[in-house]
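Asks: Sequence and computational prediction follow.
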Amino acid sequence: MTRLSVNINKIATIRNARGGNVPDVRLAAIKCQSFGAEGITVHPRPDERHIRYSDVYDIKDIVVTEFNIEGNPEKGFINLVCDILPDQVTLVPDSHDTITSNAGWDTKTNLSFLTDVIAGFREKGIRTSIFTGTDTEMIEYAARTGTDRIELYTEPYAAMYSSDRDAAVEPFLRAAEAARQLGLGVNAGHDLDLQNLAWLHHNIPWLLEVSIGHALISDALYYGLENTIQMYLRELRRN
């Protein structure tokens, strides 16, 4: 079954807007898991505008499902991941001034760099995933790095979904099939929500994990966190 990993960055964003420790990121991670989340995702950035590096250390011992740390593999990030030893590290090519992730890796240009980084993480026993678009050449080069998985960047799917869901999902299905033929596991994330999640999963039922943050935390403002997590899980269980 496809796992739901809840990205708790937005919890930290709300906290940071006021200062102090409300809402409590550690407690949020505990609650998300108790409400049914099958993983916790964090994406610390160098400016720490939401999740801080200290948060990652604080929640390390309470993640009992699956811990996924996303980020650009700069030196500080690599050191953090090697200290924490999460279940999975997802490599994302964010620039420092990026508001949110907006592209997958050019795995052909960055083949040597990614291969070296992934080798280091795999030596530590950490599963690796590379954030990619749907270009099958980029997926082929991702496989050459030695990564275990890719994470499909699904913003283009979400943007097109309401106007033509079949056309929206087609390149993602093609990319997921290419990845599977190459022996890669497939994750997905970015702009997935209660409207578009089930259709993606219906077409790509072998997705291993979806990571959802912004939409899920926003929906929780209306429906409550426990109910919202269950709503997302139901979308993943629909036939």
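Replies: Now that the structure is in, tell me what you want to look at. Worth saying up front: this structure is predicted, and the values here are computed from it rather than measured.

Asks: give me every residue that touches Ala159.
Replies: Residues in contact with Ala159 (CB atoms under 8 Å, 6 or more residues apart in numbering) are 168, 191. All C-beta spots, glycine's among them, are computed from the backbone N, C-alpha and C.

Asks: State the helix or strand in which Leu152 lies.
Replies: With the criterion set as DSSP states H and E, the secondary-structure element containing Leu152 is strand 149-153.

Asks: export that strand as PDB, just CAs?
Replies: What follows is the C-alpha trace of strand 149-153 in PDB, where atoms were taken according to Å, rounded to 0.1, in the frame of the first residue of the first chain:
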ATOM      1  CA  ARG A 149      13.900   5.600  -5.400                       C
ATOM      2  CA  ILE A 150      12.800   8.700  -7.200                       C
ATOM      3  CA  GLU A 151      10.100  11.200  -6.000                       C
ATOM      4  CA  LEU A 152       8.100  12.600  -8.800                       C
ATOM      5  CA  TYR A 153       7.500  16.300  -8.700                       C
END
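
Asks: would you put the C-alpha positions of the next helix or strand after it in PDB?
Replies: Once strand 149-153 ends, the next helix or strand along the chain (criterion: DSSP H and E) is helix 155-161. Written as PDB, here are the backbone C-alpha positions of helix 155-161 (Å, rounded to 0.1, in the frame of the first residue of the first chain):
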ATOM      1  CA  GLU A 155       3.000  20.300  -9.300                       C
ATOM      2  CA  PRO A 156       2.400  20.100 -13.100                       C
ATOM      3  CA  TYR A 157      -0.100  17.300 -12.500                       C
ATOM      4  CA  ALA A 158      -1.900  19.300  -9.800                       C
ATOM      5  CA  ALA A 159      -2.000  22.400 -12.000                       C
ATOM      6  CA  MET A 160      -3.600  20.500 -15.000                       C
ATOM      7  CA  TYR A 161      -5.800  18.200 -13.000                       C
END
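
Asks: What residues sit buried inside helix 155-161?
Replies: Across helix 155-161, burial judged by 16 or more other CB atoms under 10 Å covers 155-158, 160-161.

Asks: Figure out how far stretch 210-218 is from the centre of its chain.
Replies: Centroid separation between stretch 210-218 and its chain, computed with CA atoms, centre = their mean, to the nearest Å, is 10 Å.

Asks: same thing with stretch 150-166?
Replies: Taking CA atoms, centre = their mean, the mean C-alpha location of stretch 150-166 is offset from the chain mean by 15 Å.
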